[in-house]
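Novice: curious how this folds, go ahead:
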Amino acid sequence: ELSRYSRALDLDAIYKDKSGNKRVRVTYDLKAKEAPLAILKEPIPPLTIFWGGTSQLDIRISAAYEIPTDVPQDMQEWEVDAVRVKSRISYDFEYFQVDITRVFGYSGISQEEGEMLTSNSDYRSKLTVGSQVKAFRASKQEWFPCTVKALNEKTVTVEFEDKSIKKLERYGPDVEHKDHNIIPDVSSEVEIELHPRVLSREDTREMIIAKWLRCAFELRKIAMRQPQTSLPQSHHHHRHRHRHPSGANHGKRPVHDQGPGGNDSEKKQKIADGDREKK
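Specialist: Okay, here's the model as predicted:
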């Protein structure tokens, strides 16, 4: 039974120190209502279970310690390694949470590009009518300059130089500051994350895992009913809301990603691994 529905619009920046031994993930709230949250991750070696090659899904049990830490300040010692801008819908059930996330990923970026993305993470909250921005058209794989014509808390309407009009999610990844030109790796992800400590009781553990797996297979069936296209390379992502070691995750099937809308929509698919982390 669904108990809660929520939206999250975040920017995750992965910082690494000059030695390459430490990696810190800093999450910025795109609505600029919460302070940045920094997490130092200490992974635990994963356990992968293969079902003889006959099953529809494999299971990988992985874990990591997530330790709150300070946001890196000295850019002589740290550099931005990658950035992910995320628009996530979460459905909270009794034993687990289903997250459907649209991601604009930026990897292999320069230090200057990384700092520009993080320093402008709050710009969406400052938009006004007449603001100059960039909007991404997935079919063309390009950012286009445009002007804000109207906006509210949820959406922003922009006018392109050719006078065409488009309504976009105000805090979504399709809108960026006017100097942004980096082409993103666009993907969609589905994660099914068990709640903390729900497997602590032996008498209900088997039942909860069975429900969790049933949800995974049902979502897979929905995804497989969609038209098939080429699949981009899989990526490995981490969650930040629950800080606890050990958990379970499943292999995800392709999900469609939509462009800004209208004739500019582009369908891309991705198989993404999800992490379960608990403390």
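Novice: now stretch 182-195, how far from the centre of its chain.
Specialist: Stretch 182-195 has its C-alpha centroid displaced from the chain centroid by 4 Å (C-alpha atoms, centre = their mean, to the nearest Å).
Novice: buried residues in it?
Specialist: Applying a neighbour-count criterion of 16 or more other C-beta atoms under 10 Å, one finds 182, 184-195 buried in stretch 182-195. C-beta: built from backbone N, CA, C; applies to glycine.
Novice: poorly predicted segments of the stretch 151-279 of the chain, please.
Specialist: 226-279 (pLDDT under 70).
Novice: give the contact list for the closest residue to Ser3 other than its chain neighbours.
Specialist: With C-beta to C-beta, 6 or more residues apart in numbering as the criterion, Ser3 has its nearest non-adjacent residue at 5.3 Å, and that residue is Asp92. Asp92 is in contact with 2-6, counting by C-beta atoms under 8 Å, 6 or more residues apart in numbering.
Novice: equivalent analysis for Ser125, please.
Specialist: So Ser125 contacts 30-33, 171 (C-beta under 8 Å, 6+ apart).
Novice: among the residues you listed, which pair sits farthest apart?
Specialist: Distances among the contacts of Ser125 were taken as C-beta to C-beta; the most separated pair is Lys33 and Tyr171, at 10.4 Å.
Novice: what is the nearest of the contacts of Ser125 to Gly130?
Specialist: Distance to Gly130, by C-beta to C-beta, is smallest for Tyr171 among those, at 18.8 Å.
Novice: quick revisit: looking at Lys33 and Tyr171, which is more packed in?
Specialist: Just comparing Lys33 and Tyr171: by other C-beta atoms under 10 Å the higher neighbour count belongs to Tyr171, 23 against 8.
Novice: re earlier: cross-reference the buried residues of stretch 182-195 with the helices and report the matches.
Specialist: Secondary-structure check on those using DSSP state H: no residue lies within helices.
Novice: before we move on, the earlier item: what's the per-residue pLDDT of the residue nearest to Ser3 here?
Specialist: Looking at Asp92, its pLDDT reads 93.
Novice: before we move on, what about the one 4 residues further on?
Specialist: Among the per-residue scores, Phe96 holds a pLDDT of 93.
Novice: so who does it touch?
Specialist: 192-195, 198, 208, 211-212, 215.
Novice: for it, which non-adjacent residue is closest in space?
Specialist: Using C-beta to C-beta, 6+ apart, the nearest residue to Phe96 is Leu194, at 4.9 Å.
Novice: and the strands in the stretch 51-200 of the chain?
Specialist: Secondary structure of the stretch 51-200 of the chain (DSSP state E, counting those that start in this stretch): strands at 59-68, 78-92, 96-107, 132-137, 142-151, 155-160, 165-169, 175-177, 185-194.
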